[in-house]
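> Here is my input, please return the structure:
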Amino acid sequence: MRTALLQSSGRPGSVAGNLKVLDEAAGRAAASGAGLLVVPEMFLTGYAIGDDIARLAEPADGDSADAIAETAGRHGLAVAYGYPERAGDHVFNSAQLISADGVRLANYRKTHLFGCFERDHFTPGEQPVVQAELGGLRVGVMICYDVEFPENVRAHALAGTDLLLVPTAQMHPFQFVAESLVPVRAFESQMYVAYVNRVGQEGEFDFVGISTLAGPDGVARARGGRGEELLLAEADPAFLAASRQANPYLEDRRPGLYGPLTRTTRPLA
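Now for the predicted structure:
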C-alpha cells in the first residue's frame with residue numbers, strides 16, 4: 001500500500017485552515033497513487049496552543065471527523081490524523097483513522113503523555129493496542145512518545161500489526177528517535193512504522209521533521225528533511241512476510257526466561 005506522510009505543522013490554532021491543508025495534501029497523495037495519508041500529532045488544531053486545546057477539542061464523531069471523512073471519500077484514500085478528543089470532562093491526545101469510504105475505522109488515545117505540557121492538558125489513554133484492517137494490512141495506531149517504549153510496540157507485533165502509524169510532535173533535541181530508534185523498532189518487531197512529524201517553531205517547541213517510514217529490515221523507505229513536504233513510500237505485504245520468515249523474532253522469544261523482570265538487591269561480588 002502506497003502511504004503518504006504529510007510533514008507539516010499546518011496552521012496552529014485554525015481548524016478550518018488545517019482541514020484545508022489536509023484536503024490539499026490528500027489530493028496530491030491520491031494523484032500519486034497513495035491509498036493512505038498520515039498527518040502529524042494534533043494536526044487538526046496545532047500542538048502548542050495552550051488552553052485552546054480544551055476549547056477546540058471535539059468528539060471522535062464531531063464536525064471535523066465528518067469533514068475529513070468527506071475529504072477521504074472525495075479523494076479515495078484513507079486518512080489518519082491527530083486531534084484533541086473531547087469525551088465528557090476529559091480531553092485526550094488522540095489519532096483517528098478514516099477509510100477511503102469515509103468510515104471511522106479506529107480511534108486511539110495516547111497512553112504515554114510527554115512532559116508537563118501534555119500532562120497539564122490531557123488525560124492518558126488506557127488502551128495500548130488499537131487496530132483496523134486496511135488495504136490488506138493490519139494497521140495499528142499510536143502517538144509520538146508511545147513508540148519510544150519497546151514493550152508498547154511489541155504488544156502491537158504480538159497482536160499482528162503490519163503497519164504502525166505514529167502521528168508525532170517530535171522536538172529538538174530528540175531527533176535521534178526518527179533517525180535511529182524508529183528503524184530499530186520496525187526491525188525488532190518486524191513491521192512497517194510510519195512516523196509523521198511536525199516542523200518548525202511552535203510556541204516553546206522546535207519540531208524537527210525527519211518523518212520516516214521504516215521497513216521490517218530497518219531501512220527507511222522515506223525520510224523527510226526539516227521543512228514541509230509530502231513523502232511517499234510503499235508498505236509491501238509480500239516483503240513483510242518474507243522478512244518475518246527470515247527474522248523470526250516473535251517465534252524465537254522466550255518470555256518465561258526474562259519476564260516478569262525483578263530487581264536484585266544482592267551486592268555485587
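
> burial of Gly33, as a residue count?
Using other CB atoms under 10 Å, Gly33 has 12 other residues around it. Where C-beta positions appear, they are placed from N, C-alpha and C, glycine not excepted.

> So which bits of stretch 226-241 are buried?
By 16 or more other CB atoms under 10 Å, the buried positions in stretch 226-241 come out as Glu228, Leu230, Leu231, Leu232, Ala233, Ala235, Asp236, Leu240.

> again with stretch 37-57
So stretch 37-57, judged by 16+ other CB under 10 Å, has buried residues 37-49, 53, 56-57.

> can you give me the strands for this structure?
For the chain, the strands defined by DSSP state E occupy 2-7, 36-38, 78-87, 90-98, 104-109, 131-134, 137-141, 163-167, 192-196, 199-202, 205-208, 212-214, 220-223, 229-234.

> just the buried residues of stretch 37-57 now: which is nearest Asn197?
Of all the buried residues of stretch 37-57, Asn197 sits closest to Pro40, with 5.8 Å by CB to CB.

> before we move on, the earlier item: I'd like the strands of the chain written out as TSV, with distance to Ala246 and mean pLDDT added.
What follows is the strands of the chain, written out as TSV (distance: least, CB to CB, whole Å; pLDDT from 0 to 100):
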stretch	distance to Ala246	mean pLDDT
strand 2-7	23	98
strand 36-38	26	98
strand 78-87	29	98
strand 90-98	29	98
strand 104-109	29	98
strand 131-134	24	98
strand 137-141	19	98
strand 163-167	19	98
strand 192-196	16	98
strand 199-202	35	95
strand 205-208	33	96
strand 212-214	17	98
strand 220-223	18	98
strand 229-234	19	98
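
> Which among those is found nearest to Phe149?
Across the strands of the chain, closest to Phe149 is strand 163-167 (CB to CB), at 12.0 Å.

> which other helices and strands contact the closest one?
strand 78-87, strand 90-98, strand 137-141, helix 182-189, strand 192-196 (3 or more CB pairs under 8 Å, 6 or more residues apart in numbering; DSSP states H and E).

> before we move on, back to that, how about TSV for the strands of the chain, with distance to Gly259 added?
Below are those laid out as TSV (distance: least, CB to CB, whole Å):
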stretch	distance to Gly259
strand 2-7	33
strand 36-38	32
strand 78-87	31
strand 90-98	29
strand 104-109	25
strand 131-134	23
strand 137-141	22
strand 163-167	22
strand 192-196	23
strand 199-202	39
strand 205-208	34
strand 212-214	26
strand 220-223	31
strand 229-234	34
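
> Indicate which one of these is closest to Gln245.
Among the strands of the chain, strand 192-196 comes nearest to Gln245, with 16.0 Å by CB to CB.

> Adjacent strands (with direction) for the closest one?
strand 163-167 (parallel), strand 212-214 (antiparallel) (DSSP bridges).

> Switch those over to CSV; also include mean neighbour count and distance to Pro84.
Converted to CSV, the strands paired with strand 192-196 look like this (neighbours: other CB atoms under 10 Å; distance: least, CB to CB, whole Å):
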stretch, mean neighbour count, distance to Pro84
strand 163-167, 29, 12
strand 212-214, 27, 25
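
> Which of the ones you listed sits closest to Asn18?
Once the strands paired with strand 192-196 are compared by CB to CB, strand 163-167 is nearest, at 12.9 Å.
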